[in-house]
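Trainee: Sequence first, then the predicted structure:
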Amino acid sequence: MSSRPPGTGALLAVTALSAVGSSGYGMLAPAMAELAAAYQVDEAAVGLLQGVIAVPGIALTVLLGGLSDRVGRGRMALFCLLLFVLAGTACALVDSFGVAVALRVVQGIGFAGLLTIPPTVIAETFTGAGRQRALAVNTLVLTTASTLGPVVGGFVASLGDPRNAFWAYAVGILLVPSTIRVLGLTTGRATTRGGSPRVLPDLRRQGTLGTALGALCLTTVTIVLMSGTTAAVLPLALERVFEVPLAARGVFVGLGNIGSLAASAMLAVLAGRLADRYTALAGLGLCAAALLLAAAAPALWVVVLSTLLLGVGVGCAYNAALHHVSRQQITGRGALIGAWSASSRLGQATGPVIGAVLVGAVGPMAAFGVSGIAAAAMVAALATAAYLTTRRRA
């Protein structure tokens, strides 16, 4: 990448990779019950098809980020984009649940890279409030795609075989030209080239290792809350409790992303004015309140409001964690942001499974309550950690 700040068009071209990657996760959510019937598996098992795409990112995202440090952002981005598109669309052609899960694992390698490389490029290109604003724009773009994904997936699934929703991943091929143009395919246009990344030693030297690890944990928790709710608990509640038809479920599932989108837009406007720790604490607290409200919902409109508030809370906590990680001045920035992305993939891989298991154990409405209590406990832990850190520095 050139050191010259990119224009709006180039920034959107880069964040479009995030948008395509984010579609890999939520596209199937509205059709969970129908996919279980199509593959002849139970609802707990079909959560694996939804969440397994995030598994490769848990182990490989740090590696992918480190490789992009060495071989160039453009080469890795193009590889991940093609892998994501080809493996994702291939799922539409298979009838075996096991083969579909295996293809989703392969697609997950591309998924991990597409959500890691764009924030790495942004972190290297922008500084200060400009970086915070650009990262918020990146989240805004990918959240928009995440919002549209369930709507498109639910609509396509309602037209026939729910597995036809996999064909929507083919749209990613349209980004090949802009990826080559903006990021290039030579190592000479990559940053952080040469030398060995020293992530942990650099963080220790700066005295930010503890807070960086805390940001990774916060990311995992918030993504578990979001993915477990919108990919498992909410769709099953809509079907069982409120009897919402399949084609409309995608709209309700997408409400969480609309809330997150609103939070990202707000943070983009307020870039540089809000401390990361307070933004994270407020966001996680809002998550707890939203989930507890959903558990006591007497009508569908209360669940709608709760889902929107959950999205706002997740958007605040997610952006705060990402900004804190991305502003660390270390070598091997790609590897560090890869670790952050791995923490997000961990949440995405486990969230739907946890949500489905909770629904199976206590029912969908009680599952909202259990999640809310867990979020409230995390608020208390985060507030305690912030207080102790402040006292130690004083």
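Mentor: Structure received.
Trainee: who's in contact with Arg163?
Mentor: Leu35, Ala38, Cys91, Ala92, Ala100 (C-beta atoms under 8 Å, 6 or more residues apart in numbering). Using the backbone N, CA and C atoms, a C-beta is placed for each residue, glycine as well.
Trainee: Equivalent analysis for Leu200, please.
Mentor: Leu209.
Trainee: and it, helix, strand or coil?
Mentor: helix (DSSP: H, G, I helix; E, B strand; the rest coil).
Trainee: Make TSV out of the contacts of Arg163 and add distance to Gln329 and pLDDT.
Mentor: As requested, those are arranged in TSV below (distance: C-beta to C-beta, whole Å; pLDDT from 0 to 100):
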residue	distance to Gln329	pLDDT
Leu35	45	82
Ala38	50	84
Cys91	41	88
Ala92	45	85
Ala100	43	91
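Trainee: Just the closest of the residues you listed to Ala248, please.
Mentor: Lowest distance from Ala248 to the contacts of Arg163 (C-beta to C-beta) belongs to Leu35, with 17.1 Å.
Trainee: Ignoring the adjacent residues along the chain, who's closest to Ala289?
Mentor: Spatially, and ignoring its direct neighbours in sequence, Ala289 is nearest to Leu309 (6.9 Å; C-beta to C-beta, 6 or more residues apart in numbering).
Trainee: Just the element for Ala349, please.
Mentor: Counting by DSSP states H and E, the element that carries Ala349 is helix 333-362.
Trainee: buried residues in that helix?
Mentor: Under the neighbour-count criterion of 16 or more other C-beta atoms under 10 Å, helix 333-362 has 333-360 buried.
Trainee: what's the distance between the residue nearest to Ala289 and Thr139?
Mentor: Separation of Leu309 from Thr139 (C-beta to C-beta, to the nearest Å): 18 Å.
Trainee: Of these two, which one has the most company?
Mentor: Thr139 (27 against 20; other C-beta atoms under 10 Å).
Trainee: Name the residues of stretch 374-387 that are buried.
Mentor: Ala374, Ala375, Ala376, Met378, Val379, Leu382, Ala386.
Trainee: Now intersect the residues you listed with the helices, please.
Mentor: Secondary structure from DSSP state H places Ala374, Ala375, Ala376, Met378, Val379, Leu382, Ala386 of the buried residues of stretch 374-387 in helices.
Trainee: quick one: least confident of the residues you listed?
Mentor: Lowest pLDDT within those is found at Ala386 (75).
Trainee: how far does stretch 319-331 sit from the chain's center?
Mentor: 16 Å (C-alpha atoms, centre = their mean, to the nearest Å).
Trainee: List the buried residues for it?
Mentor: Asn319, Ala320, Ala321, Leu322, His323, His324, Val325, Ser326, Arg327, Gln328, Ile330, Thr331.
Trainee: Those residues in strands, which ones?
Mentor: Judged by DSSP state E, strands contain none of those.
Trainee: got those residues as CSV, with pLDDT columns?
Mentor: Output for those, formatted as CSV (pLDDT from 0 to 100):
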residue, pLDDT
Asn319, 90
Ala320, 92
Ala321, 92
Leu322, 90
His323, 89
His324, 89
Val325, 90
Ser326, 86
Arg327, 84
Gln328, 84
Ile330, 78
Thr331, 73
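Trainee: So the spatially most central residue of the chain versus Thr279, what's the distance?
Mentor: Geometric centre of the chain, nearest residue: Ser344, 5.9 Å, by C-alpha atoms, centre = their mean. Using C-beta to C-beta, Ser344 is found at 17 Å from Thr279.
Trainee: What of Ala90?
Mentor: For Ala90 relative to Thr279 (C-beta to C-beta), the value is 40 Å.
Trainee: higher neighbour count, those two?
Mentor: Of the pair Ala90 and Thr279, Thr279 is the one with more neighbours under other C-beta under 10 Å, namely 23 against 17.
Trainee: Just the pLDDT for the more buried one.
Mentor: 93.
Trainee: just checking, it touches Ala321?
Mentor: No. With contacts counted by C-beta atoms under 8 Å, Thr279 stays clear of Ala321, the gap being 9.3 Å.
Trainee: end-to-end on stretch 263-283?
Mentor: 9 Å (C-alpha to C-alpha, to the nearest Å).
Trainee: neighbouring contacts of that stretch?
Mentor: Here stretch 263-283 makes contact (C-beta under 8 Å, 6+ apart) with 128-130, 132-133, 136-137, 139-140, 143, 215, 218, 222, 311-321, 323-324, 379, 382-383, 386.
Trainee: Narrow those to those in helices?
Mentor: Per DSSP H, those map to helices at 128-130, 132-133, 136-137, 139-140, 143, 215, 218, 222, 311-321, 323-324, 379, 382-383, 386.
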